[in-house]
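*Asks:* give me a model of this one.
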Amino acid sequence: FSDRILGMDPKPLEPVASLQGMKDSGGSWLAWAGDDNRQVDATQADAQFHSNPSILQSTETCEMAFKGRRDMVLFTSKRVLVIDVKGWSGKKQNFLSIPWSTIKAFGVRSAGSFMDKDSEMMIWTDIYFDPPGDQKSGAPGGDTSAAGMVGNAVFGVAELALNIATANAGGEALEAAAPEEKPEPGMSFLEFDFQKDKIDLMAVNRYLSARC
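*Replies:* The predicted structure is shown next:
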């Protein structure tokens, strides 16, 4: 999949900058509780993910690396790679690749007052997000497949019949009492928290400016 989506290079790409990161001294217990990321050595991360597990392409270079409680975020010469460690043992891992070509906007937010312990990075992509339907009422989402369109039509007819029957009975169509839930943005928007004293936020901003 990496070769298909990211492409195969005849030679390594030139890195944006030599960004080894900070010496990893671990995070505080507050950062651990909030799963805030800290900047770690990109050279070590590059060696690790070229060998165990061998997730990076041979011509791909890790240029910045961040580590949270157990998860990691890598900025490579080809993508943003999010490593999500799951389960008690940590053997189950999810590797999410966001190619640089899909990122359309980014932002960073510095920490505020003394009580504000983390800073943030935001990334917007052009990866299409189809909101789910209303699970309580059974309304389908924006599925454009044949089955989805049939579901949309059936639901629309049923809703119209209910409104007509309610109106004929002298009442008004009832509205859902529960507020509409905001759909999760999926991969169209990603946000990462950083431990404010263990991240060079402006270096992250400069890097994203060069890459995006």
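*Asks:* please, where are all the strands along this structure?
*Replies:* 38-40, 62-67, 72-76, 79-86, 92-99, 103-109, 118-125, 189-195 (DSSP state E).
*Asks:* nearest to Ile5, out of those?
*Replies:* Smallest distance to Ile5 across those (C-beta to C-beta): 6.2 Å, for strand 92-99. Bear in mind the C-beta positions are built from the backbone N, C-alpha and C, glycine included.
*Asks:* distance to Gly7 added to the strands of the chain, as JSON lines?
*Replies:* Below are the strands of the chain laid out as JSON lines (distance: least, C-beta to C-beta, whole Å):
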{"stretch": "strand 38-40", "distance to Gly7": "27"}
{"stretch": "strand 62-67", "distance to Gly7": "17"}
{"stretch": "strand 72-76", "distance to Gly7": "13"}
{"stretch": "strand 79-86", "distance to Gly7": "11"}
{"stretch": "strand 92-99", "distance to Gly7": "9"}
{"stretch": "strand 103-109", "distance to Gly7": "16"}
{"stretch": "strand 118-125", "distance to Gly7": "18"}
{"stretch": "strand 189-195", "distance to Gly7": "22"}
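*Asks:* could you list the low-pLDDT ranges of the protein?
*Replies:* When residues are selected by pLDDT under 70, those of the chain lie in 8-35, 116, 129-186.
*Asks:* so for Ser209, which of the strands of the chain sits nearest?
*Replies:* strand 103-109 (8.2 Å).
*Asks:* I'd like the strands of the chain laid out as CSV, including distance to Asp46 and mean neighbour count.
*Replies:* Putting those into CSV (distance: least, C-beta to C-beta, whole Å; neighbours: other C-beta atoms under 10 Å) gives the following:
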stretch, distance to Asp46, mean neighbour count
strand 38-40, 11, 22
strand 62-67, 4, 24
strand 72-76, 8, 23
strand 79-86, 11, 18
strand 92-99, 15, 14
strand 103-109, 21, 15
strand 118-125, 20, 18
strand 189-195, 19, 19
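*Asks:* mind checking these for the one nearest to Met202?
*Replies:* Among the strands of the chain, the nearest to Met202 by C-beta to C-beta is strand 103-109 (8.0 Å).
*Asks:* show me where the chain has helices.
*Replies:* In the chain, the helices defined using DSSP state H lie at 2-6, 29-34, 42-51, 146-168, 201-211.
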